[in-house]
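# Take this sequence and fold it.
(one chain, ligands or ions: 1)
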Amino acid sequence: MKNVIQQKNAIAVIIFILLTYGCANGHVSYPDPDIRIESMENTVRYLTEINPSRSYDHLDSMTRSANYISQKFEEYGLKPKEQEFVVLGKTYVNILASVGPLERSRLIVGAHYDVCDNQPGADDNASAIAGLLEIARFVKKHESELPYRVDFVAYALEEPPFFGTMHMGSYVHAEFLHKNNVNVKGMICLEMIGFFTDKDDSQSYPSAILRLFYPSKGNFIGVVSNFGRSSFAAQIAKHMGATSVGVRTLKAPSFVTGVDFSDHRNYWKFGYDAVMITDTAFYRNLNYHQETDIMNTLDFVKMQEVIKGICWSILNMI
Ligand SMILES: [Zn+2]
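Below you'll find the predicted structure:
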């Protein structure tokens with residue numbers, strides 16, 4: 001990701017469709033997913049303490065991270081596999097684990113585990129890996145209720161210098177699905193889900209005009225989508241809106257700065273519906289890609305609500 005504001009954002013905002021979901025609709029029953037804050041803290045602690053950092057040029061640290069994720073999937077009853085790919089002579093792996101009927105269409109839930117440079121990467125993106133593992137634990141327990149298959153994917157190489165290239169782990173995965181004509185229901189990208197603040201004017205936007213429609217306090221979670229054909233994003237926003245965390249949706253073309261700044265971009269590229277669940281990254285979190293992106297800046301109670309909302313979305317997806 002890079003932090004550059006494009007002039008055309010100002011024009012693009014006029015076609016934004018803004019929807020706000022602040023509370024439950026009262027017609028759907030949601031089970032308590034029992035999302036464990038302690039488990040999420042353990043994951044964030046483990047990943048952020050890996051030294052040197054889990055960046056592309058520290059292959060041992062990438063492997064340690066991947067092994068941790070595999071072990072957790074196994075602990076929760078899933079059978080993880082590695083999807084290997086070679087970049088500049090080095091072998092990297094995505095970690096994949098499936099739940100639900102194998103022959104059905106698939107929902108992809110993914111998060112990247114690498115970091116940019118030599119940073120701890122608590123929010124970016126240990127927070128999302130911690131959430132991914134808790135979602136997998138919950139979904140496995142509800143496997144018999146799933147009308148479709150869920151593929152969990154932990155990606156390598158989301159960060160620079162490979163961001164935006166065919167070397168991203170998510171590009172490799174999305175391309176594999178496309179080449180094999182896999183029936184994909186949609187993709188949920190977890191991208192920085194741990195930073196929230198109630199301070200005034202703590203939230204910025206790609207264009208000043210968005211301030212008219214969106215909150216000035218960075219205390220909500222964003223559901224970002226493009227102009228897909230289905231109600232995929234709307235369903236997710238609705239079920240997430242049944243939690244106590246405020247949910248804001250943004251539907252925008254991918255040239256607006258920030259909307260395609262994670263792994264979902266590669267699913268869009270191959271024509272799949274995909275959404276990014278985000279605390280808005282550098283538009284809110286000033287620790288973004290800094291040494292200060294550390295564990296004690298995260299709000300695990302809000303993260304718990306975000307993950308609860310994703311679990312409910314998966315169970316209730318039509
Ligand atoms: Zn990043």
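# can you tell if stretch 257-275 touches the ion?
No: between stretch 257-275 and the ion, judged by C-beta under 5 Å from the ion, nothing touches; the nearest distance is 8.1 Å. (Glycine included, C-beta is placed from N, CA and C.)
# Quick one: end-to-end distance for that stretch.
Stretch 257-275 has an end-to-end distance of 15 Å (C-alpha to C-alpha, to the nearest Å).
# With stretch 109-119 instead?
The stretch stretch 109-119 measures 25 Å between its terminal residues, going by C-alpha to C-alpha.
# Show the pLDDT at the residue of the chain positioned farthest from its centre.
Centroid-distance maximum for the chain: Gly89 at 28.0 Å, with C-alpha atoms, centre = their mean. pLDDT recorded at Gly89 is 96.
# One more: Asp123?
98.
# got it, and His27?
His27 is assigned 53 on the pLDDT scale.
# So for the chain, which residue is the most central one in space?
Central residue of the chain (C-alpha atoms, centre = their mean): Leu190, at 0.7 Å.
# Can you report how many residues lie near whatever residue of the chain ends up closest to the ion?
Distances between the chain and the ion by C-beta to the ion are smallest at Asp124, namely 4.1 Å. Residues contacting Asp124 under the criterion other C-beta atoms under 10 Å number 30.
# Am I right that it is in contact with Thr292?
No: under the criterion of C-beta atoms under 8 Å, Asp124 makes no contact with Thr292, lying 11.6 Å away.
# What segments of the stretch 1-150 of the chain are strands?
Along the stretch 1-150 of the chain, counting by DSSP state E, counting those that start in this stretch, strands occupy 17-21, 81-87, 90-99, 106-112, 149-155.
# Quick check: which of these is nearest to Ser204?
Evaluated with C-beta to C-beta, those place strand 17-21 nearest to Ser204, the distance being 16.8 Å.
# Could you tell me which residues of the protein lie near the ion?
Residues of the chain lying near the ion by C-beta under 5 Å from the ion: Cys116, Asp124.
# residue ranges with poor pLDDT in the chain?
1-27, 29, 228-229 (pLDDT under 70).
# what about the strands in the stretch 151-300 of the chain?
For the stretch 151-300 of the chain, applying DSSP E, counting those that start in this stretch gives strands covering 184-191, 220-225, 246-251, 274-278.
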